[in-house]
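**Q** Generate a structure from the sequence data that follows.
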Amino acid sequence: MKKILYIGNKLSKHGVTPTTIEILGPLLEQEGFSMTYSSSKKYKLQRLIAMLWSVLQNKKANYVLIDTYSTTNFWYAFASSQLCRLLNLKYIPILHGGNLPFRLKKNPKISNMIFKNSYQNVSPSKYLLEKFKEKGFDNLIHIPNGIEIKNYPLHEREKAAPNLLWVRSFAQIYNPLMAIEVFSSIKKKYPEARLCMVGPEKDGSLLEAKEKAKDLKLEVLFTGKLSKQDWINLSKEYAVFINTTHFDNMPVSVVEAMSLGLAVVSTNVGGIPYLLENKKEALLVLDNDVNGMVSAIEEIIESPDLFIRLTGDARQKAESFDWISLRHNWIRILK
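**A** All right, here's what the predicted structure looks like:
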């Protein structure tokens, strides 16, 4: 049995949205791999220490998977990967950070230390695959973030009601205030419109969003963090999924929305245009383009044919990310 150490932010027990470590890890367990995880420590310094200690404790691991982000958590990947090098452990960064191309440019030497010396670099998005290749990296493989499609029943709708759903952590990079501004405009044309925003607080953006909604005299449903099943059930009451992010890679929440029959309207940033084709699986607008997103939503509401076509193509695309289709790629690397 192959032993895998998985380094990442395993923080759902602290009210944080589950990340790939809590999705991919159990799927690999189902395939017969022996998985060890680090870390679930709440505070960053404690988490870093726990990650490094787990590497030292798992010197006989066959591989070390490292969730790799582009902001502060980038340094977890750096420290863990260099300890793996010292111990001659094969490590595999999984490239999640939508702003990793900035890291390659800002910290080229450190980036080379991580990614040039890895056993393999796994990119869930074609966007980061392309950006890393442009910088001369060739030890790359594209494996999309997988979901178990059986857990996402398609809820078919004949047309789109003006009910908007937003699912993400409340952080500035995901631009939740844009969702409030979009809803304000939609509400003027469709008084019955609703907006639900699902996700935990991360950097004070939830409070800002609530204050903005109050200032604009808007009733917005803020649910906080929900379990996967709860937000899947909630999604049946909505028709349009809005993704307002400034930076992105391959957001699982968007793939989940596609699976559930929601029409997706998203900013056209980072990995989004590599995931979604404009006017085929979604409607895409420029970053922070409130008017453009409002117009796109109105187009979907006013055209049932467009709504049905977008949601049908989106579901078909989402099915290509089913774990059953992707599992062989991981097995090939790890066995």
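
**Q** Which residue is the nearest non-sequential neighbour of the spatially most central residue of the chain?
**A** Note on the chain: the residue nearest the mean C-alpha position is P251, at 2.8 Å, using CA atoms, centre = their mean. For P251, the nearest residue in space outside its immediate sequence neighbours is N243; the separation is 6.8 Å by CB to CB, 6 or more residues apart in numbering. No exception for glycine: its C-beta is placed from N, CA and C like everyone else's.

**Q** contacting residues around the one you found?
**A** Contact analysis of N243 by CB atoms under 8 Å, 6 or more residues apart in numbering lists W166, R168, P251, S253, V254, V264, V265, S266, T267, I272.

**Q** Quick check: the farthest pair among the residues you listed?
**A** Pairwise distances across these (CB to CB) peak at 15.1 Å, for the pair W166 and I272.

**Q** How far away from the center of its chain is the one helix or strand P26 maps to?
**A** With the criterion set as DSSP states H and E, the secondary-structure element containing P26 is helix 21-30. Going by CA atoms, centre = their mean, to the nearest Å, the spacing between the C-alpha centre of helix 21-30 and its chain's C-alpha centre is 16 Å.

**Q** After it, which helix or strand is next?
**A** Beyond helix 21-30 in the direction of the C-terminus, DSSP H and E gives the next helix or strand as strand 34-38.

**Q** quick one: which of the contacts of N243 has the most company?
**A** The most crowded member of the contacts of N243, judged by other CB atoms under 10 Å, is W166 (28 neighbours).

**Q** and that one, what element?
**A** Element membership of W166 [criterion: DSSP H and E] is strand 163-167.

**Q** Equivalent analysis for I92, please.
**A** Under the criterion DSSP H and E, the helix or strand holding I92 is strand 91-95.

**Q** could you give me the average pLDDT of that strand?
**A** Per-residue pLDDT over strand 91-95 has a mean of 98.

**Q** so what's the residue nearest to the centre of the chain up against?
**A** R168, N243, T245, I272, L275.

**Q** so how many other residues sit close to P93?
**A** For P93, the number of neighbouring residues by other CB under 10 Å comes to 24.

**Q** and it, bridged to which residues?
**A** Under DSSP bridges, the beta-bridge partners of P93 are I66.

**Q** Show me the domain layout of this structure.
**A** When the chain is parsed with automatic domain parsing, its domains come out as 3-144+323-334, 149-319.

**Q** Name the next helix or strand downstream of the helix ranked longest in the chain, please.
**A** Using DSSP state H to define each element, the chain has its longest helix at helix 304-319. Sequence order places helix 323-334 as the next helix or strand after helix 304-319, per DSSP H and E.

**Q** Pull out the buried positions in that next one.
**A** W323, L326, R327, W330, L334 (16 or more other CB atoms under 10 Å).
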